[in-house]
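Q: Show me how the following folds:
(one chain, ligands or ions: 1)
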Amino acid sequence: MEKKLPSLLGGVMIIAGGTVGAGMLANPISTSGVWFVGSILILLYTWFCMMSSGLMLLEANLHYPTGASFDTIVKDLLGKGWNALNGLSLAFVLYILTYAYITSGGGITEGFLNQLLSSSESAVEIGRASGSLLFTVVLATFVWFSTKAVDRFSTVLLAGMVISFVLSIGGLVSSVNPTILFDTAAPAETQYLPYAIAALPVCLVSFGFHQNVPSLVKYYNRNAAKVVKSAVIGTLIALFIYILWQLAIQGNLSRAAFGPVIAKGGDIAALLDALSASVQTDYVGLVLKFFAYMAIASSFLGVTLGLFDYIADLFNFDDSALGRTKTTLVTFLPPLFLSLEYPYGFVIAIGFAGLAATIWAAIVPALLAKACRSKFPQREYTVFGGNFMIYFVIFFGVLNIVAQLAAQFGCLPEFKG
Ligand SMILES: N[C@@H](Cc1ccccc1)C(=O)O
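A: Down below sits the predicted model:
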C-alpha cells in the first residue's frame, strides 16, 4: 500500500516560511528610487524568475536519489569548478546575511533597551555594540543548544510575526496616502527609471528559498506535482506579503523621507523611527518594530542553523558540547566582529547577498536543468517554457550581477532621498 503524502498546506508553509524573512525589510529602502509602481514591476519580475529557477532545481533534483545534496548534483552535472563556485557563493550568502541580521537586530535591541532602562531623570544609552552583542549571544545560544530548540523558538516567532504583521499592516494600509504612494506632488522632471536596476539584487534576496527544494522532494516522496504547487503557491504568498509591505511603507513615508534612512546604510531601526514619526498612532509603530524584530530573529535562526551545519561538516567538528562550541565560534564571531566594525551596512550587505545568491539560486539551477536535459533522456518532470525559460532565467541572473557590480563601481545613479 502506498503511504499517504502530507497535505499541500505543509509544503506551502515550508516554502512561504523559508522565503519570507528579513530580506523584505530592505525592499522599500532599495526601491525608494524607483518608488511604488516600479517596485511592483520589479517584484513581479523577480518572483517569476526565482520561482522558475526553483522549479529548475527540482527538475535536476529528481534525477538523483532522494536526499542528494546540492554538492552531489552540481558536481555530477556541471563539474568541480562550478561546484566550488556554488559552495563558496552559498557560504558567502549565509555569512553576509548573518552580518546583516546582527546589524539590524542589534539596532532594534539597542533602541528597546534604551527605552526600557531610561527614566525621565536619566537617559540610558547602552550603545550599538552592546545591542549587537546581546542580540547575537542570546540567539546563538539557541543554535548552540540544539536544532530542536531553534525549531521551537522559530515557531513562537512565526506566530508572533503573523499577529504583529496583521495588526500593524491593517493600520498602515488604511492610512495610505495616494499623494505619497504615487508621488504626485513631485516636480515633473523627477526621475525614477534610472534607479530600477540597483533594486534588483536586494529584491532577489527576498525571494531566496532554494535551499528548501531538496527537503521538499523528500517531504513529498518525489511527487513532482506537489512540490511544484508548493513552490508556486508558497512564493505567491511571499509576493503578496511583499506588495502589502511596499504599500504600507511607501504609502505612508514620503520618498524624500528616505534620505536619512539611506544615509545610515538603510538601517531598519532608522526606517522604523522615520515611519513612527509620520504615522499618528504610536501603537502601529511599536507593533511594526516587534514585527521587524521577530522577522530578523527568525531569519537569523534559519540562516545560522544552515551555516552551523555547513561549518561543522566542513571542519569536521563533532556534536559534543566542545565541538558545538567550536562550530558556534566559527559561525558567529566573523559576522559579529564585522558588525561591530561596520554597524550600518544592512542594505549594502543584502545587495552583496543578492550578488552571491544569483549564482546558486538563479544561474546554477538554470544550468543544471539544461545539463540534465541532455544527460538523461528520461524525464519525470520538465519545467515549462523549454530552453527559452533557461535563457530567460540566466539573463535575469546576469542582469543582477551586472547591477550589483555597476553599483559597486559607482556606475549607477544613487538615490539619496
Ligand atoms: N529570503 C530570505 C533570505 C534568503 C536568501 C537566499 C536564500 C535563502 C534565504 C529572506 O528574505 O530573509
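Q: Report the contact partners of Phe352.
A: Phe352 makes contact with Phe92, Ile96, Pro201, Gln404, according to Cβ atoms under 8 Å, 6 or more residues apart in numbering. From N, CA and C alone the C-beta is placed, and that goes for glycine too.
Q: what comes up buried for the helix or strand where it lies?
A: Assigned by DSSP states H and E, Phe352 belongs to helix 346-358. For helix 346-358, a neighbour-count test (16 or more other Cβ atoms under 10 Å) marks 346-358 as buried.
Q: Specify the local secondary structure of the residue of the stretch 151-300 of the chain found nearest the ligand.
A: Nearest residue of the stretch 151-300 of the chain to the ligand (Cβ to the nearest ligand atom) works out as Gly208 at 2.2 Å. Following DSSP: H, G, I helix; E, B strand; the rest coil, Gly208 is assigned to coil.
Q: where's the helix holding Phe352 relative to the chain centroid, distance-wise?
A: 9 Å (Cα atoms, centre = their mean, to the nearest Å).
Q: ok, now stretch 25-44?
A: Taking mean C-alpha positions (Cα atoms, centre = their mean), stretch 25-44 and its chain are 15 Å apart.
Q: which residues sit in contact with Cys372?
A: Shown in contact with Cys372 (Cβ under 8 Å, 6+ apart): Glu59, Ala60, His63, Leu77.
Q: what's the closest of the buried residues of helix 346-358 to Ser132?
A: Nearest to Ser132 among those, counting by Cβ to Cβ, is Phe346 at 12.0 Å.
Q: Name the residues that touch stretch 244-251?
A: With contacts defined as Cβ under 8 Å, 6+ apart, stretch 244-251 is touched by 24, 27-28, 31-32, 35-36, 39-40, 43, 168-169, 172-173, 175-178, 180-181, 271, 275.
Q: How is Asp183 assigned, secondary-structure-wise?
A: Per three-state DSSP, Asp183 ends up coil.
Q: Let's see the pLDDT reported for it.
A: The per-residue pLDDT reported for Asp183 equals 93.
Q: That one: how many residues sit nearby?
A: For Asp183, the neighbour count with other Cβ atoms under 10 Å is 17.
Q: Close to the ligand: what parts of the chain are there?
A: Counting by Cβ under 6 Å from any ligand atom, the chain comes close to the ligand at 19, 21-24, 93, 205-206, 208-209, 211, 299, 357, 361.
Q: Those residues: which two are farthest apart?
A: The span of the residues of the chain next to the ligand, defined through Cβ to Cβ, is set by Met24 and Gln211 at 17.5 Å.
Q: The two: which is more packed in?
A: Using other Cβ under 10 Å as the criterion, Met24 and Gln211 rank with Met24 on top: 23 against 18.
Q: ok, and the most crowded of the residues of the chain next to the ligand?
A: Among those, the one with the most neighbours (other Cβ under 10 Å) is Val205, at 31 neighbours.
Q: List the buried residues in the host helix or strand of Phe112.
A: Applying DSSP H and E as the criterion places Phe112 in helix 80-117. For helix 80-117, the neighbour count (16+ other Cβ under 10 Å) marks 82-83, 85-87, 89-113 as buried.
Q: Mind giving me the packing neighbours of it?
A: helix 70-78, helix 128-145, helix 268-278, helix 282-315, helix 321-341, helix 346-358, helix 364-375 (3 or more Cβ pairs under 8 Å, 6 or more residues apart in numbering; DSSP states H and E).
Q: Would you format those helices as a markdown table with distance to Leu158 included?
A: Converted to a markdown table, the helices and strands packed on helix 80-117 look like this (distance: least, Cβ to Cβ, whole Å):
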| stretch | distance to Leu158 |
| --- | --- |
| helix 70-78 | 25 |
| helix 128-145 | 14 |
| helix 268-278 | 19 |
| helix 282-315 | 6 |
| helix 321-341 | 22 |
| helix 346-358 | 21 |
| helix 364-375 | 27 |
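Q: nearest to Ser230, of those helices?
A: Checking the helices and strands packed on helix 80-117 against Ser230 by Cβ to Cβ gives helix 364-375 as the closest, at 16.4 Å.
Q: Centre of the chain to the closest one, how far?
A: Put simply, helix 364-375 sits 25 Å off its chain's centre (Cα atoms, centre = their mean).
Q: Put the alpha carbons of stretch 158-165 into PDB.
A: The C-alpha trace of stretch 158-165 is given here as PDB (Å, rounded to 0.1, in the frame of the first residue of the first chain):
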ATOM      1  CA  LEU A 158       6.500  32.900  13.400                       C
ATOM      2  CA  ALA A 159       3.200  33.100  15.300                       C
ATOM      3  CA  GLY A 160       4.300  36.500  16.700                       C
ATOM      4  CA  MET A 161       5.100  37.700  13.200                       C
ATOM      5  CA  VAL A 162       1.800  36.800  11.800                       C
ATOM      6  CA  ILE A 163      -0.100  38.500  14.600                       C
ATOM      7  CA  SER A 164       2.000  41.700  14.500                       C
ATOM      8  CA  PHE A 165       2.000  41.800  10.700                       C
END
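Q: And the contacts of it?
A: Identification of contacts with stretch 158-165 by Cβ under 8 Å, 6+ apart yields Gly17, Ile241, Val287, Leu288, Phe290, Phe291, Met294, Ala295, Ser298.
Q: what's the answer for stretch 393-407, then?
A: Contact partners of stretch 393-407, identified using Cβ under 8 Å, 6+ apart, comprise 45-46, 49, 52-53, 56, 197-198, 200-201, 204, 351-352, 354-355, 358-359, 362-363, 365-367, 412, 414.
Q: Try it again at 7 Å.
A: 49, 52-53, 56, 197-198, 200-201, 204, 351, 354-355, 358, 362-363, 366, 412 (Cβ atoms under 7 Å, 6 or more residues apart in numbering).
Q: Report the buried members of these.
A: Among the contacts of stretch 393-407, those scoring as buried are 49, 52-53, 56, 197-198, 200-201, 204, 351, 354-355, 358, 362-363, 366, 412 (criterion: 16+ other Cβ under 10 Å).
Q: shouldn't Val205 be in contact with Ala357?
A: Yes: judged on Cβ atoms under 7 Å, Val205 makes contact with Ala357 at a distance of 5.8 Å.
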